Structure formats: C-alpha cells, structure tokens
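1. Quick one, structure for this:
(3 chains)
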Amino acid sequence: MLRRAGFAVLLSLLLPSPVVAAADSRVVTDQLDRRVVVPAEIHRVVALQHHTLDIIVELGAADRVVGILRSWRSMIPGIERLSPGLESLPTPGDLAVVNVEDLLALHPDVVFVTNYAPPAMIQQIERVGLPVIVISLSQGEGTGRAKLNPTFADDDQAYADGLKEGVRLIAAVLGRQERAEQLLEAAFAGRHLVEARVADIPPGQRQRLYMANPDLNTYGAGKYTGVIMDRTGGVNVAREIRGAAKVSMEDVLRWNPQVIFVQDRYAPVADEIRKGAAWQAIDAVRTGRIYLTPEYVKPWGYPTPEALALGELWMAKKLYPDRFADIDMQAAADRFYRRFYGQPYSGPN
Amino acid sequence: MIIAVARAAYRLPDGRQLFEELSFALPAGQVLCILGPNGIGKSTLLRCLDGLDHLAAGSIRLDGHPLQTLTRRELGRLVGMVPQTDAPVFAFTVREVVEMGRAPHLGWLGAPGAGDREIVMTTLERLGIAGLADRLYPELSGGERQLVLIARALAQQPRLLILDEPTSHLDFANAMRVLELVRGLADEGLAVIMTSHDPDHAFLIADRTLAIAPGLPAQDGATRKLLTEARLSAIYGRVVRVVEQDGQTICFAPPARTS
Amino acid sequence: MRRTAGLVALTAAVFLLSFLIGRYPIAPWTVLRVILAEWLPITPDWPPVVRSVVMDVRLPRIAGALLVGSGLALSGACYQGVFRNPLVSPFILGVSAGAGFGAALAILVFPWADAVPLCAFAFGLLAVGLCFGLASRYRAAPTLVMVLAGVIVGAFFTALLSLLKYTADPESKLPVIEFWLLGSLSRVGWRDIWVLLALFVPGCAVLLALRWRLNLLAVGDDEARSLGVDTARLRAVVVVVATLIAAATVAVAGIVGWVGLVIPHAARILVGADFRRVLPVSAILGGCYLVLIDDIARTVTAAEMPIGVLTAMVGAPVFALLLRRRALGWA
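-> Sure thing, here's the model as predicted:
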C-alpha cells in the first residue's frame, strides 16, 4: 500500500505531465506509451476499435460495453451473434472520427481507440476529461508505433508481443487478468502446434499465397497477414509492398499465387476472381484453390487471439492437409468458441 | 504652364518608335486637342502624361515639377484622367464612383468624410447630374457614364484634366454637351487635354492643337493656324477641305472620285 | 447604422442560441446558467460533465465557426475586389490545394497532433508565395497573371495530394485524409481559437481599415493609379493579409468551400457594392452562416457531417437562386 503510494508520488514527480493517480483511480500505460489515468473500477466502456471489441467479448466483459464504432458491422461481422446486445448499442464514433457530445452522453469510464486514430481526435476526447487508451496490438520502436504501416525489424515478434501486451492491457483495465492469461495461452498453444509441424518445410516448397481484398487491394509486409502466411508454411506474394495497398493485375499475374484466400467479410470477391478473365491464368484459379476464410481466421492487418488459436491452424491445414489430417477444425473451433465466446461454433470450416 | 512636354519619344516593346520629338506646353484655362489617325499613339501619350507609362526619351513637367519626382498621390491631385471607356465589374452607385475621386487627398487609411461628400455633391450639381447620385453606375447610358467619369476626375480637384476620346461613344447631342462642358471647365481655369478623332472638335473648343501625322514630326500650335488643309490632309491621308460657316470652322473630306 | 446594429444583434442571437443545440441533452435554462456561472457566483446544480459540454465542447466550436466563417467571407470579399471578379473565392491562389497537401503529408508522416494544422498553414502560404513568385515575372496584366498562377500552383499541389492519397493506406490513413479535406470544426480547441484570434484581430483590423481603398482597386488598375493609389503595394498588402486569414481557417477547419464565394454576394445584395459596407457585413454574415451550418453538422446525425459538404449542399442552390435576382451588386 505504502509502496504503491510512494511509487505514484515518484511517478508524478518524474513525469512532465501531472499524471497523479487519485485514490480511486490508477495509471496504465497504453500501446503508444501514454500514461493514462483510469478509474479503479471500470463499468462503462466505449470501444472505437474492432479488435478491442472482439477481445472484450472474449474476456467476458461485453456487458460493460456501452458504445462501439460505427463501422463494426463491416469490420467484424458475426460479432452480433456472439454478443447479441451489441446490435442495439449507440455508435458515438468510428476508427478515425468521434462525436464528442454523443460520447459524453454515454458517460463512459474509458474509451479505446486504434493507434491510427488522428491525434486531434484523441485530444478532442481527452479535452472533455475522458481517458483514452490506444490499442495497436503491435510493438515497434518509438514514434513508428503511431503509424499504421510501421517498420518492424521483425513483424512476427512485433505482433506476437503486441498482441500479448494489448490483451493484457485491456484485461488490466477491465480487471479480467486471469481470463486474459487463459485466452493468450489458448492463442499461443494453437500457434505452437502449427509451428512444430511446418518447421521442416524447405523454403523452396513453401506455397505462394495471396490475400484478395476487394478492388485489387491486398496486404503486404508489415501486417499480421504476412505473419500468418509465414507461420503456416506459406509465403505472401505481396511481401515486396508495405502495408495495405492496391496492386495491379499485372503484379498478381507476375506473382502467380498458388492459393488465394478471401476473407469471409469480403465474400463476393471470390466469385469475381473465379469468373474474371484476367485471373484465369493464375495457378490458384486454375487448380480451384480459392478459399474463403472462416470467421475465426481473421487474417487481417492486426492479430486477434482466435487468429492465432484457430486461424493459423486452419490455414496450415488448408495448405498441407496431410500434416494436419488429424486436426478436426470444427471441434477445435467449437471448443474455443464455447470457452471464450460462450457460444458453440456452427459456421463453415 | 500647367504642363510642358519636351521632345517626348515612346518606343514599343518590339523596338518600333511610336512617336518622337513631341513637344507642347499648355497653360491654365486652355484646351489642347491631340489629333491623329488611329494607332499613332494618342492614348499612349495620355498614359505617359498621367504617369501610367514611361517615355523612352524627353521630359514632362507638371506645374514646373518633373513627372518622375511626383508621387502617385501628388500626381493624382494635379491630373484627373477620364478614360475612354471602362468595364464596370461591381455595381457602385454614382455617388460612390465620384467619391473615389477624393482618393488623392486621403491618406492610406483614410476614407471620404463629410467634407469630401460635400465636394462630391457640388461636382455632381456642377455637371447637372445630381439626380443620378443614387443610381447604379452600370445601368446608366453611355453619355451619363461619361459625365460621371468626368465628375470623378473633377472630384480630384486637379489642375489638369485629361480626356481620352470623350465623345467616341456618344451620340451627336451628347457629344456636343460634353464638348461644351469641357470648354466651360477650361474657362473656369482648368487646363484640359483631350484626344479626338474629329478635327471639328478641335475647331470647336481647342485653343491649341497637337497634330501627329504619320511620318512627320508632331506639331503643336494655335488651332486655327495649325490646322490647314495641307496638314489635315497629311494627318488623315486624304484630301481634307476647311471652310468657314457662320463664324464656325469646319472641315470635311470630299469623297474620292471613282471615275 | 441601424442595419449594422441589426446584424450584430443577429450574430449575438445566433451565437447564444447555438449553445442550446447539441446531441448531449441539456435543458436550455441550464445552459444559460452554466454560462453565467463563469462570472456570477451561481452554485452548480449540474454535474461537471455538463459544464464540460458547454464550455469545452460547444463554446470553442461555436467560436471557431464564427471566426472561420467570418474570416473566409472577409478574405473572399477582399479577393473579389482585388481580382475585380465576383466569382473568385479565397482559395483561388491555391491556398486550399497547398494546405490539403500539407495536411495529408502531416497525417502520413508526422504523428503529433499539431503537425496537421501547422503543415497545412505552412504549405497554404507556400502555395500563395509561389503564385506571387510566378506572377512577378510578368508585370503587364498583374491580376490576370496572378489568377493564372493560382490555377497552376493549385493544380500542382492537387496532383501532389493525389499522389499522397495514392500511397496512403486505404484502410486507415486515406479516410483520415479525406475527412480532413472535407472540412470539420470538431477538432477545434481553445488553442486553435487563440491562434485564430491572434491572426484575425490584426488582420481584420488592417483589411477593415483599407476597405474603402478596395473600391479603388475594384474599378481597375489604371484608374486606381490615376486616382493616386499605389496599386501594387495595396494589392500585395490586401492579398497577403487575406491569405493569412484564409490559410489559418483552412489549417484549423479543413477546406470549407462556398462561404468565401457566396457570402460576399449576399452582403452585396443587402448593402450594395461599396466595400466599406461589404467587408464588415460579409464578415458578420459569414460568421453567422457557418455557426448555423456547424449546428446542423454536429447535431443532425450521430455521424459528424463534414461542414465542407454542407456548405456546398446549401451554397450551390443558394448561388443558383442568387443568379436569378437582378440586383446582384455586380454589373
């Protein structure tokens, strides 16, 4: 008790800004290294970031969410099934924009935003006295963390450490630390399983993979997408570009992927590719290896716990079915869903 | 002499000489008419007299001071310029237009005060257009507009009034009105320089004339003496006859015979 | 004089009534008492969040709208006089293209909060400076050449902006850039207000002091010079000051179009073409107009509407209506 008080005093003396924790509040460090004062007890949360929303549901704290990002339906489809109350929640803002009066009307204790929220937006919210916690699910050096396309020395390490840090941060804020450790354990267990079995695939035999987002957009290096592809024994054909970007048809033809993945939230793209004249010359289209990723794979720019627990497994099994013949995806997914979402899994695999 | 020009010359940007060795002088109370065919440089000369353009050679002295030594404001108090036409963009009222003439008497941050507004009204009354004071300038007829521009120049209370072809857009009656007005202003003590296409205007009201003929040195002198049939024919490149009628000198150009 | 008093009263009314509008529910009587409590000893019977909404959210925003609106209208009216063209907006010399590029650059490259308005301001001024530089090489038709230079510089920065947008991450950076470009007062805080005031108070003082002289510029270069005006210097002063004001508004609020173009016309319809009246009336009308527009932007839907969109949606039809009237104040 005394130590904590002494620490707080020491902290407040050392820091340029008066981050003094009062008796009923505490200081947390978010993923942009900002020291934020939050109330000791958090009952009302606004999540303006979809990964955070997902993690909050997995931590079993969805009942404390009082406001979510406007574009949640397109960013994280299916979450309404896992947490029915979300559909009726107010949407006081989005990833990069906020209506401060709407936000205030919800009387939140804390607001979660993404690391690429404009600094002006964060200032807007802080100005009215609401604590803002920035989630990036990645770890990088210094100011690079504020950019969406950070330059990590090691993408894999950056996202692995970042995910752990982010989940633990959210859990610490919500007081669900024990649950967080269980979630992380499940996530990394899935990862280690895959790791062990694809370790011996020689580089020359790694399959060429392409992530097809709408309108010839894809994810290049620096994103979790590349990490998941790498970990499942594949290689991202778009790794020569950085971040999310639009590529040209000629690039895709030059790369000639052997497998094309399409996220479930962009399902119509798969049909476009199958029918598109320019796409027919590509190996993946000729051999019919165009796969829609099930809901739990989430091979996005940022990692989610279920992507590590289930997604990497699913993708590895798709690419090397013999090595993963014994894995029953439905069972694995169902187990995870029941445990962390409180619902069975009944979707495609 | 209100204005004295000595051996003025102007060169065009492409190097051609527009006019040279041009000299004249004008005292207060007299009208000088500048005659010459199109393109000879009359308007350019007027611009130089108002400091809007520069001579290549020669000098201009206003009220004894060399033109280059005068500031724009001093020049504005000495010389009032009435342009041939203007293209109004904004619909100012007549009063507002004439008020602009007070600018040379006001500082950088000054705006017209009660005294200036007094002068504006007096000027409008003097020209007989006080009734137009609150009308919108672009809605006036050509003749009315010309009078307003003259009023604006007069509001500057200049010693020299310069008019660039003041009658070119006017019908016969309005043209006569303006010419009579100009003569009246000179009689009240103003020095007036005007350009004209029509030598009859010179005969009507000009004490002195500056005749610029192509290929010949510009000549100035008393109107009656200067404008002989020979000189007029040289200026306009065709036969010109001068006659007296009812004490008035007029000229005309007999039609060229076709047979 | 009575008309000025009426317009000032209108501004005060619009200003005060705007406090009553907002998505956070506060009773009108409470709003009034919250404001009065800043000076009078009234014990608050409202939670601190209510004061925060009124003084930290609504007040800077309404004040910002007032300043940005009046600044844009004032600089628009000045530009119309200097360039002798009633169809000119304060962005004609490329200040908005430059500022847009600067803001996009800051959004992509610099992560700290002040970078965006600073970069926007700097590049906005740079764009206009380039115009001056280009135009100074050709002295014969100064205003026409300036406008052409503005077209060139504007096109150049617009192209650079497009390049930046192309390289921006389409999931995150690009929407942020687009939203900034469309204009918004949601980011306005107290510091922005002080900065705006620091520029506006001297700037508007200068322009208002020179407003009669704008009449002289507006009738033509030669005629103004005949009337004793140092046109080059006057034009430079007016353009520089009006540009500083316009650049400051863009830096704070993004690109808010139509105010600088349409409001001076509305002012001319009300009070005639004389700049002695058009400048102050434009400023007042511009301020009121933008406050009202922003009231709509921040309350109509939960999604904040960009004000640039609203001013265009309202401004374009209004402009069309204006064209049908006879007494436009221009020939």
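
2. quick one: contacts for the residue in the stretch 201-331 of chain C that chain B sits nearest to?
-> Residue nearest to chain B within the stretch 201-331 of chain C (C-beta to the nearest C-beta): C:Gly228, separated by 2.6 Å. Bear in mind the C-beta positions are built from the backbone N, C-alpha and C, glycine included. Residues near C:Gly228 by C-beta atoms under 8 Å, 6 or more residues apart in numbering or on different chains: B:Arg72, B:Arg73, B:Glu74, B:Leu75, B:Gly76, B:Arg77, B:Ala103, B:Pro104, B:Gln156.

3. Wasn't it part of a helix?
-> No - counting by DSSP: H, G, I helix; E, B strand; the rest coil, C:Gly228 falls outside a helix, being coil.

4. For B:Val82, see how far away it is.
-> 15 Å (C-beta to C-beta, to the nearest Å).

5. near chain C, which of the contacts of C:Gly228 show up?
-> With C-beta under 8 Å from any C-beta of the partner chain as the criterion, the contacts of C:Gly228 include B:Arg72, B:Arg73, B:Glu74, B:Leu75, B:Gly76, B:Arg77, B:Ala103, B:Pro104, B:Gln156 near chain C.

6. thought A:Leu169 was touching A:Val28?
-> Yes - using C-beta atoms under 8 Å, A:Leu169 makes contact with A:Val28 at a distance of 6.6 Å.

7. Looking at the two, which is more packed in?
-> A:Leu169 (23 against 17; other C-beta atoms under 10 Å in any protein chain shown).

8. For the more buried one, what is the enclosing helix or strand?
-> Per DSSP states H and E: A:Leu169 is located in helix A:155-174.

9. swap in B:Ile162?
-> Short version, using DSSP H and E: B:Ile162 is in strand B:160-163.

10. Quick one: check that strand for contact with chain C.
-> No - Strand B:160-163 is not in contact with chain C by C-beta under 8 Å from any C-beta; minimum separation 8.8 Å.

11. Residues that sit against both of A:Leu169 and A:Val28, list them.
-> The contact lists of A:Leu169 and A:Val28 share A:Ile133, where a contact means C-beta under 8 Å, 6+ apart.

12. got the CA positions of the strand holding B:Ile162 in PDB?
-> This file holds the C-alpha atoms of strand B:160-163, laid out as PDB (Å, rounded to 0.1, in the frame of the first residue of the first chain):
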ATOM      1  CA  LEU B 160      -5.100  69.400 -65.500                       C
ATOM      2  CA  LEU B 161      -7.900  67.400 -66.900                       C
ATOM      3  CA  ILE B 162      -7.100  64.700 -69.500                       C
ATOM      4  CA  LEU B 163      -9.900  63.100 -71.500                       C
END
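
13. Not counting its own residues, what contacts it?
-> Strand B:160-163 is contacted by residues B:2-3, B:26, B:46, B:49-50, B:62, B:78-82, B:150, B:153-154, B:182, B:185, B:190-195 when judged by C-beta under 8 Å, 6+ apart.

14. State the number of residues packed around B:Gln219.
-> Neighbours around B:Gln219, by other C-beta under 10 Å: 18.

15. cool, the one 10 residues further on as well?
-> The burial count assigned to B:Glu229 is 13, neighbours taken as other C-beta under 10 Å.

16. Whichever residue of chain B sits closest to chain A: neighbour count?
-> Residue of chain B nearest chain A, by C-beta to the nearest C-beta: B:Leu109 (38.9 Å). Other residues near B:Leu109 number 12, with proximity taken as other C-beta under 10 Å.

17. List the residues that contact it.
-> Per C-beta under 8 Å, 6+ apart, neighbours of B:Leu109: C:Ala209, C:Leu210.

18. Which of the three states applies to it?
-> coil.

19. and the most centrally placed residue in chain B, what are its bridge partners?
-> Closest to where the C-alpha atoms of chain B average out (C-alpha atoms, centre = their mean) is B:Leu163, at 2.1 Å. Counting by DSSP bridges, B:Leu163 is bridged to B:Val82, B:Met194.

20. measure it to B:Val192 for me?
-> In terms of C-beta to C-beta, B:Leu163 sits 7 Å off from B:Val192.

21. so what sits against both of the two?
-> With C-beta under 8 Å, 6+ apart as the test, B:Leu163 and B:Val192 both reach B:Val182.

22. near chain C, which residues of chain B?
-> B:47, B:50-52, B:72-77, B:79-81, B:83, B:86-93, B:96-97, B:99-101, B:103-104, B:108-112, B:138, B:156.

23. Any of the residues you listed buried? List them.
-> Neighbour-count burial (16 or more other C-beta atoms under 10 Å in any protein chain shown) is assigned, among the residues of chain B next to chain C, to B:47, B:50-52, B:72-77, B:79-81, B:83, B:86, B:88-93, B:96-97, B:99-101, B:103-104, B:111-112, B:138, B:156.

24. now, which of the residues you listed lie within helices?
-> Within these, residues falling in helices by DSSP state H are B:Arg47, B:Arg72, B:Arg73, B:Glu74, B:Leu75, B:Gly76, B:Arg77, B:Glu96, B:Val97, B:Glu99.

25. What confidence value was assigned to the fourth one?
-> When you say that, I think you mean B:Glu74. B:Glu74 carries a pLDDT score of 92 in this model.

26. burial of C:Phe101, as a residue count?
-> C:Phe101: 27 neighbours (other C-beta under 10 Å).

27. repeat for the one 4 residues further on
-> For C:Leu105, the tally of surrounding residues (other C-beta under 10 Å) stands at 20.
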